[in-house]
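Undergrad: no sequence on this one, just coordinates:
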């Protein structure tokens with residue numbers, strides 16, 4: 001972590017996918033093989049090592065300008081990403097509870113799965129995502145390459161593919177080339193024992209700036225491969241709160257009328273948005289990221305807002321944004337959440353075969369001697385967020401075990417987040433929600 005960011009708030013996210021199959025990787029003709037000793041000191045693996053496979057030609061760099069140009073030319077795909085983001089959000093949030101997911105991290109990891117599918121499994125994923133696998137991967141690559149970092153902001157998106165060191169498992173070199181070139185994924189070969197678990201968790205720790213230190217506890221003999229995506233963000237508010245803007249001993253009122261003691265942060269913001277159900281504002285971090293707050297109008301519940309919050313509604317809210325003075329009030333809050341229904345969510349989207357051993361076709365990724373099927377057996381998504389006077393700190397773990405010309409009288413809007421609300425953290429270039437969630441309570445959580 002950069003020294004200048006040690007005291008500002010931060011956000012980090014880690015996404016894990018693990019493939020489960022019925023049996024036990026082959027040597028791959030790669031340019032270079034190196035040992036990884038700095039991440040976990042694996043001394044119990046086969047030959048005592050986790051091996052990183054490298055071929056630099058697989059991961060060509062793009063400039064930020066090239067990435068932005070690509071995103072501009074792929075506007076329809078960007079809209080589809082927003083549609084899917086809102087679908088995942090609506091399906092994942094439990095009514096009455098705090099909740100948050102990272103849609104882009106889930107999509108990044110699922111794109112790594114999709115690059116390894118064939119036949120009906122591939123067709124289902126392409127239909128559900130509304131574009132072919134190359135188009136989705138290209139958009140995600142361009143989005144990743146467009147992200148900004150500076151002395152005030154750290155942004156990291158990292159992908160990796162870990163597979164069992166077994167002669168019975170034939171990992172396809174074309175698959176590794178594909179995820180390396182399109183998604184900049186690293187590849188690791190290991191014994192899939194406790195030493196491998198330590199190395200994976202070390203990779204997560206490093207790529208989330210220390211915010212996610214443990215993703216998995218163990219690996220079983222049925223686990224053949226693990227996909228990891230880490231998406232981490234550290235940023236300060238563009239205008240830091242002064243002491244006079246912080247008021248303690250205020251009240252946050254839950255939907256059932258229960259009052260909770262709150263510390264509120266007051267500021268004057270300049271971007272206001274609204275529709276028939278919600279009002280809101282956009283508060284910038286430094287370097288091209290923003291906090292978007294959406295407050296249900298009086299008499300409208302958060303659940304009712306979520307039910308209507310699809311991609312079109314999201315774009316409508318972003319389009320409604322205009323320069324107006326907003327008296328913005330945000331509570332300091334901390335929230336943790338876990339999603340256990342992503343398999344059923346993707347099933348409802350039409351992605352079914354990859355979860356069914358009898359139907360899954362991951363042959364473009366790897367094959368086992370004896371023809372045992374490879375399939376995705378489950379997904380878990382955990383998140384954490386802390387918002388305070390300096391910025392935002394958050395983390396998430398997902399396991400799959402595979403955005404007037406005429407003079408008008410000045411008006412000042414008030415948006416007090418002193419009751420349940422929806423929030424998102426977006427990158428300003430594409431208005432893609434990197435994180436989106438609800439705050440129903442600000443009581444401290446374990």
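TA: Perfect, thanks for sending it. As the structure is a prediction and not an experimental result, all values here were calculated from the model. Residues are numbered from 1 along each chain as shown.

Undergrad: how about the helices of the stretch 51-200 of the chain, start to end?
TA: 64-73, 75-92, 103-114, 119-129, 133-146, 173-183, 194-207 (DSSP state H, counting those that start in this stretch).

Undergrad: could you check the angle helix 75-92 makes with the third one?
TA: In terms of direction (axes from the mean of the first three to the mean of the last three C-alpha atoms, to 10 degrees), helix 103-114 departs from helix 75-92 by 100 degrees.

Undergrad: what's the answer for the fourth one, then?
TA: Computed with the same axes, to 10 degrees, the direction of helix 119-129 lies at 90 degrees from that of helix 75-92.

Undergrad: Check which helices and strands helix 119-129 sits against.
TA: Applying 3 or more C-beta pairs under 8 Å, 6 or more residues apart in numbering; DSSP states H and E, we find helix 119-129 packed against helix 103-114, helix 133-146. Glycine gets a C-beta too; all of them are placed from N, C-alpha and C.

Undergrad: Check the offset of the longest one from the chain's centre.
TA: Centroid separation between helix 133-146 and its chain, computed with C-alpha atoms, centre = their mean, to the nearest Å, is 14 Å.

Undergrad: Pick out the shakiest of the helices and strands packed on helix 119-129, pLDDT-wise.
TA: Of all the helices and strands packed on helix 119-129, mean pLDDT reaches its minimum on helix 103-114 (a mean of 90).

Undergrad: picking up where we left off before, distance to residue 250 and mean neighbour count added to the helices and strands packed on helix 119-129, as CSV?
TA: Converted to CSV, the helices and strands packed on helix 119-129 look like this (distance: least, C-beta to C-beta, whole Å; neighbours: other C-beta atoms under 10 Å):
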stretch, distance to residue 250, mean neighbour count
helix 103-114, 32, 25
helix 133-146, 38, 21
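
Undergrad: now the ones you listed in JSON lines, with distance to residue 337?
TA: As requested, the helices and strands packed on helix 119-129 are exported to JSON lines (distance: least, C-beta to C-beta, whole Å):
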{"stretch": "helix 103-114", "distance to residue 337": "14"}
{"stretch": "helix 133-146", "distance to residue 337": "24"}
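
Undergrad: What about residue 259, how many residues nearby?
TA: Around residue 259 there are 10 other residues, counting by other C-beta atoms under 10 Å.

Undergrad: ok now do the nearest residue to it once chain neighbours are set aside, which residues does it touch?
TA: Spatially, and ignoring its direct neighbours in sequence, residue 259 is nearest to residue 251 (5.0 Å; C-beta to C-beta, 6 or more residues apart in numbering). Residue 251 makes contacts with 259-262, 418, as judged by C-beta atoms under 8 Å, 6 or more residues apart in numbering.

Undergrad: can I assume residue 251 sits in a helix?
TA: No: applying DSSP: H, G, I helix; E, B strand; the rest coil, one finds residue 251 to be strand, outside a helix.

Undergrad: Quick check: bridge partners of it?
TA: residue 261 (DSSP bridges).

Undergrad: Quick check: pLDDT value at it.
TA: Value for residue 251, per-residue pLDDT: 95.

Undergrad: wait, doesn't residue 193 sit right on residue 220?
TA: No: with contact defined as C-beta atoms under 8 Å, residue 193 does not reach residue 220; the gap is 10.7 Å.

Undergrad: rewinding a little: who wins for neighbours among the contacts of residue 251?
TA: Busiest of the contacts of residue 251 [other C-beta under 10 Å] is residue 262, holding 21 neighbours.

Undergrad: What sits closest to that residue if chain neighbours are left out?
TA: Of all residues not flanking residue 262 in the chain, residue 252 sits nearest, at 4.1 Å (C-beta to C-beta, 6+ apart).

Undergrad: Thanks a lot, catch you later.
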